[in-house]
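Asks: need coordinates for the following:
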Amino acid sequence: MVEKVVTILNRHGLHVRPATQLADLAGKFKSVVTIHKDGQDVSARSIIELLTLAAAHGTQLRIRAEGPDAAEAVGAIERLVNSKFGLD
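Replies: Predicted coordinates for the structure are as follows:
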């Protein structure tokens with residue numbers, strides 16, 4: 001298992017567009033990827049579940065992946081979050 005804590009940096013948080021980008025990216029990996037916030041665990045492949053996190057600007061999320069490409073999955077998602085999803 002690989003874990004990493006990231007901070008949502010884009011102004012408007014994890015709204016529909018970034019949630020879609022994150023879910024699409026997570027779906028490219030064989031590993032099971034989950035996102036954790038305040039005791040809530042959701043599938044990184046589900047846009048709806050990601051939106052339930054209500055992750056505003058500055059929110060810390062824990063990315064967790066288990067599987068053959070777990071490190072690559074976590075690294076790719078970390079880069080996406082750190083890039084502010086290309087939004088601002």
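Asks: rest of the way, CA atoms for contacts and neighbours
Replies: Fine.
Asks: how about the longest helix seen in the chain: buried residues?
Replies: When the chain is parsed with DSSP state H, its longest helix is helix 70-82. For helix 70-82, the neighbour count (16 or more other CA atoms under 10 Å) marks 70-71, 73-74, 76-78, 80-81 as buried.
Asks: what ranges does this protein have for its helices?
Replies: So, for the chain - with DSSP H - the helices run 16-26, 47-51, 70-82.
Asks: dump the ones you listed into JSON lines; add distance to T34 as well.
Replies: Below are those laid out as JSON lines (distance: least, CA to CA, whole Å):
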{"stretch": "helix 16-26", "distance to T34": "9"}
{"stretch": "helix 47-51", "distance to T34": "9"}
{"stretch": "helix 70-82", "distance to T34": "10"}
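Asks: got the angle for the longest helix of the chain vs helix 16-26?
Replies: 160 degrees (axes from the mean of the first three to the mean of the last three CA atoms, to 10 degrees).
Asks: residues contacting the residue located most distally from the centre of the chain?
Replies: Computed with CA atoms, centre = their mean, the residue of the chain farthest from its C-alpha average is P68, at 18.2 Å. By CA atoms under 8 Å, 6 or more residues apart in numbering, the contact set of P68 is 30-31.
Asks: stretch 52-70: which residues count as buried?
Replies: If you call a residue buried by 16+ other CA under 10 Å, then stretch 52-70 has these buried ones: 53, 55-56, 60-66, 70.
Asks: that'll do, ta.
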